[in-house]
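1. Next input, structure requested:
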Amino acid sequence: MRDDAVRDGLGAAGVWTLAFEGHPAGRVREAAAEIEELGYGALWHGEAFGRDTIGQAWLLLSATRRMVVASGIANVAFREPITMAAAERTLGEAFPGRYVLGLGGHRVDDTVSEIDGYPVPTRGKALSTMRRYLDSMDAAPSHGPVPEPAPRRLVAALGPKMLALAAERTWGAHPYFVPVAHTALARGIMGPGAFLGVEQAVVLDTDIERAREVATRHVADYVTGAPHQAANMRRMGFGDEDLAGGRPSRRLVDAIVAYGDVDVLHARVRDHLDAGADHVCVQVLTADPRALPLPQWRELAPALLGR
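-> Residues are numbered from 1 along each chain as shown. Okay, the predicted model is just below:
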């Protein structure tokens, strides 16, 4: 069931970013506080090889007063379920109603995978891995206070079976790197009651050729380096002509990334909402992925937040 207070607190649009990873904690605090003052209801953060997702969430929550902070996602390959459950309860107790835990992780085949040369132990197939992980989190003992309200939990679901699992076992789903058609598909599979928070990549630049180049690099990184994303694109009707050769087709780029002026970007967010999303978290892409896109967050806020 939806919790209207939490869902309404998130609002229709939020910020999704990995850019905090390369900046010192003080700068991150300042940026998070400004994002909140701009009126965004939620700040989603990815997890790579920067800060641990729990430490990053604590940093962002402590720097803000009202805004929801969501992991997008916490990787299940990086920590045991009992550790994740304990961290979820701790953040839920310390910041009531303000923490959303998104769970995911696609390095779950039958071998040991490597990320930047680091070996990551794998745990079986994706669907059964996530089901067992949720079972173990639910079974983790607790000797501390029970947070009220309970922290909301999401799954980074793409395929039909994972979307169904997300609706059955958690608050809902956080699809990443998806076209609007996927949002409509997800809502149909999950039903009207599950929360659907969709990531949307954007490039705010009226120089269309330059914006398209930034968008193309982003899409190429995922279709060449993330097999689960390429598989999902095939599921959505994209073929070899769209995915092959390390240079994604314009059709695929345009489906994944909105680029242009504020009105174009706002229209894409509205398309997701019309297709059934409860919330769209906007990932601003720039020519320098290490830069904090504060100017773009500022310029987008009035349109995305209805002011």
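2. Break down this structure into its helices, ranges please.
-> 4-10, 25-38, 53-62, 81-94, 126-139, 160-169, 180-190, 208-225, 227-235, 240-243, 250-256, 262-275, 294-304 (DSSP state H).
3. just so I know, which of those helices lies nearest residue 75?
-> helix 53-62 (7.4 Å; C-beta to C-beta). For every residue, glycine as well, the C-beta is placed using N, CA and C.
4. Tell me what angle that closest one forms with helix 25-38.
-> On the basis of axes from the mean of the first three to the mean of the last three C-alpha atoms, to 10 degrees, helix 53-62 is oriented at 50 degrees to helix 25-38.
5. Show me what helix 53-62 is packed against.
-> Helices and strands touching helix 53-62, by 3 or more C-beta pairs under 8 Å, 6 or more residues apart in numbering; DSSP states H and E, are helix 25-38, strand 42-45, strand 68-71, strand 74-75, helix 81-94.
6. who are the neighbours in contact with the nearest residue to residue 94 once chain neighbours are set aside?
-> Nearest-residue entry for residue 94: residue 61, 7.3 Å, with adjacent residues in sequence omitted and distances by C-beta to C-beta, 6 or more residues apart in numbering. Listed by C-beta atoms under 8 Å, 6 or more residues apart in numbering, the contact partners of residue 61 are 69, 91, 94-95, 98-99.
7. what's the answer for residue 96, then?
-> When contacts are counted by C-beta under 8 Å, 6+ apart, residue 96 touches 147-149.
8. distance of residue 72 from residue 103?
-> According to C-beta to C-beta, to the nearest Å, residue 72 and residue 103 sit 10 Å apart.
9. Revised request: answer the last question for residue 294.
-> Distance from residue 294 to residue 103, by C-beta to C-beta: 29 Å.
10. try residue 81
-> Residue 81 is 10 Å from residue 103, by C-beta to C-beta.
11. Which neighbours do the two have in common?
-> residue 133.
12. So these two - more neighbours on which side?
-> Per other C-beta atoms under 10 Å, whichever of residue 81 and residue 103 has more neighbours is residue 103, with 24 against 18.
13. doesn't residue 77 make contact with the more buried one?
-> No - using C-beta atoms under 8 Å, residue 103 makes no contact with residue 77, being 10.8 Å away.
14. CA atoms only: put stretch 182-192 into PDB for me.
-> Only the C-alpha atoms of stretch 182-192 are listed here, as PDB (Å, rounded to 0.1, in the frame of the first residue of the first chain):
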ATOM      1  CA  HIS A 182       9.000   0.900 -19.600                       C
ATOM      2  CA  THR A 183       7.300   3.100 -17.100                       C
ATOM      3  CA  ALA A 184       3.900   2.200 -18.600                       C
ATOM      4  CA  LEU A 185       4.900  -1.500 -18.600                       C
ATOM      5  CA  ALA A 186       6.000  -1.300 -15.000                       C
ATOM      6  CA  ARG A 187       2.800   0.300 -13.800                       C
ATOM      7  CA  GLY A 188       0.800  -2.400 -15.600                       C
ATOM      8  CA  ILE A 189       2.800  -5.200 -14.000                       C
ATOM      9  CA  MET A 190       3.000  -3.700 -10.500                       C
ATOM     10  CA  GLY A 191      -0.600  -2.500 -10.200                       C
ATOM     11  CA  PRO A 192      -1.900   0.800  -8.900                       C
END
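15. which residues are in contact with that stretch?
-> 157-158, 160, 163-164, 166-167, 172-173, 175, 178, 196, 198, 232, 236, 272, 275-277.
16. 10 Å instead?
-> The contact list for stretch 182-192 (C-beta atoms under 10 Å, 6 or more residues apart in numbering) reads 2, 157-168, 172-173, 175, 178-179, 194, 196, 198, 200, 232-233, 235-236, 255-256, 271-278, 280.
17. what does stretch 297-307 give?
-> Under C-beta under 10 Å, 6+ apart, the answer for stretch 297-307 is 11-15, 17, 31, 34-35, 37-41, 202, 204, 261-263, 265-267, 269-270, 280, 282, 284, 293.
18. buried residues in that stretch?
-> Neighbour counts over stretch 297-307 (16 or more other C-beta atoms under 10 Å) mark 297, 299-301, 303-304 as buried.
19. Pull the most distant pair out of these.
-> 297 and 303 (11.7 Å).
20. what's the nearest residue to the residue nearest to the spatial centre of the chain if we skip its chain neighbours?
-> Nearest to the geometric centre of the chain sits residue 72, at 3.6 Å (C-alpha atoms, centre = their mean). Nearest in space to residue 72, with sequence neighbours left out and distances taken as C-beta to C-beta, 6+ apart, is residue 44 at 3.9 Å.
21. wait, doesn't the one you found sit right on residue 156?
-> No - counting by C-beta atoms under 10 Å, residue 44 does not reach residue 156; the two are 11.1 Å apart.
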